[in-house]
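K.L.:
the sequence isn't on hand, but the structure is:
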Ligand code: DX5
Ligand code: ZN
């Protein structure tokens, strides 16, 4: 994957039909998804449980674009190899999940996959300052992780601006996750984000039988986001 800062929409399959992941992934990709975002939760770091490595491995053959695996688990290090072998293209780990984020990012890259670092809403931008050179992406959470469908936390906008400034011209994506809609997407894009995760705003109102709704939902987010780029230019 070559690096660019074009707007990328990464639907979170946390909002998909859990009995039909293969068809859901195919539907969102056919309708224009750039990446597929997989939310891994352990019932410990976050109060919810989702996908182990075998589930991620089962998603892999359906993903033709880029599979971005967001680990909301603690500890992280013992599971990196398993998620890499399951087929993740990128693994993102939280700075809050363990004492050694630097070691965790090294371990992710050692598996030959791209590495992302994640900040919860309560964690300041500075927490990633000394690991940026080990990262392909910084993920800024705009909800407290654990569930889809929560309200966007606005302090993520200024944090995005700060991190964009810290990154400078290094090839590091800024991803935003939580409460992204056509209303909130322009705020974070104007501040410097390029990868937008969206669960409820992509899947709402649609199904594998009406995939065009997913397409409309993604277009609404993308158009709003690209509008913010034009305004900023
Ligand atoms: C939250 C997850 C998100 C979530 C986003 O813990 O990391 O990816 O699915 O859902 P929405 O877009 O509904 O806020
Ligand atoms: Zn996520």
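P.N.:
Okay, I see it. Not measured: the values here are computed from a predicted model. Residues are numbered from 1 along each chain as shown. Ligands and ions are numbered 1, 2, ... in the order given.
K.L.:
average model confidence for the top helix by length along the chain?
P.N.:
Longest helix in the chain by number of residues (criterion: DSSP state H): helix 211-232. In this model, helix 211-232 has a mean pLDDT of 95.
K.L.:
and it, how far from the chain's centre?
P.N.:
Distance of helix 211-232 from the chain centroid (CA atoms, centre = their mean, to the nearest Å) equals 17 Å.
K.L.:
and stretch 28-39, by the same measure?
P.N.:
Centroid separation between stretch 28-39 and its chain, computed with CA atoms, centre = their mean, is 11 Å.
K.L.:
pull up the residues of this protein that are close to ligand 1.
P.N.:
Residues of the chain found near ligand 1, taking CB under 6 Å from any ligand atom as the criterion, are 12, 14-15, 37, 39, 70, 143, 145-150, 177-180, 197-201. All C-beta spots, glycine's among them, are computed from the backbone N, C-alpha and C.
K.L.:
in strands, which of those fall?
P.N.:
37, 39, 70, 177, 197, 198 (DSSP state E).
K.L.:
dump these into a markdown table; add neighbour count and pLDDT as well.
P.N.:
As requested, these are exported to a markdown table (neighbours: other CB atoms under 10 Å; pLDDT from 0 to 100):
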| residue | neighbour count | pLDDT |
| --- | --- | --- |
| 37 | 27 | 99 |
| 39 | 24 | 98 |
| 70 | 28 | 99 |
| 177 | 25 | 99 |
| 197 | 26 | 99 |
| 198 | 28 | 98 |
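K.L.:
okay, now the unreliable bits of this structure?
P.N.:
Along the chain, the parts satisfying pLDDT under 70 run over 1.
K.L.:
interface residues of it facing ligand 2?
P.N.:
Contacts of the chain with ligand 2, taken as CB under 5 Å from the ion, map to 39, 70, 177.
K.L.:
isn't the last one right up against residue 197?
P.N.:
Yes. With contact defined as CB atoms under 8 Å, residue 177 counts as touching residue 197 (4.0 Å).
K.L.:
intersection of neighbour lists for these two?
P.N.:
12, 37, 70, 139 (CB atoms under 8 Å, 6 or more residues apart in numbering).
K.L.:
closest to ligand 1 among the residues you listed?
P.N.:
Within those, proximity to ligand 1 (CB to the nearest ligand atom) peaks at residue 12, which comes in at 3.6 Å.
K.L.:
how about that closest one, nearest residue that isn't a chain neighbour?
P.N.:
Spatially, and ignoring its direct neighbours in sequence, residue 12 is nearest to residue 199 (3.7 Å; CB to CB, 6 or more residues apart in numbering).
K.L.:
run through the strands of this protein in chain order.
P.N.:
Using DSSP E, strands in the chain cover 8-11, 36-41, 67-72, 90-94, 114-119, 137-141, 173-177, 195-198.
K.L.:
what helices or strands is the second one leaning on?
P.N.:
With contacts defined as 3 or more CB pairs under 8 Å, 6 or more residues apart in numbering; DSSP states H and E, the packing partners of strand 36-41 are strand 8-11, helix 21-30, helix 53-59, strand 67-72.
K.L.:
ok, back up a step: ok, how many other residues are close to the residue nearest to residue 12?
P.N.:
For residue 199, the count of nearby residues is 24 (other CB atoms under 10 Å).
K.L.:
quick one, phi psi at it?
P.N.:
Residue 199 has phi and psi values of phi -100, psi -80 when expressed as degrees, to the nearest 10.
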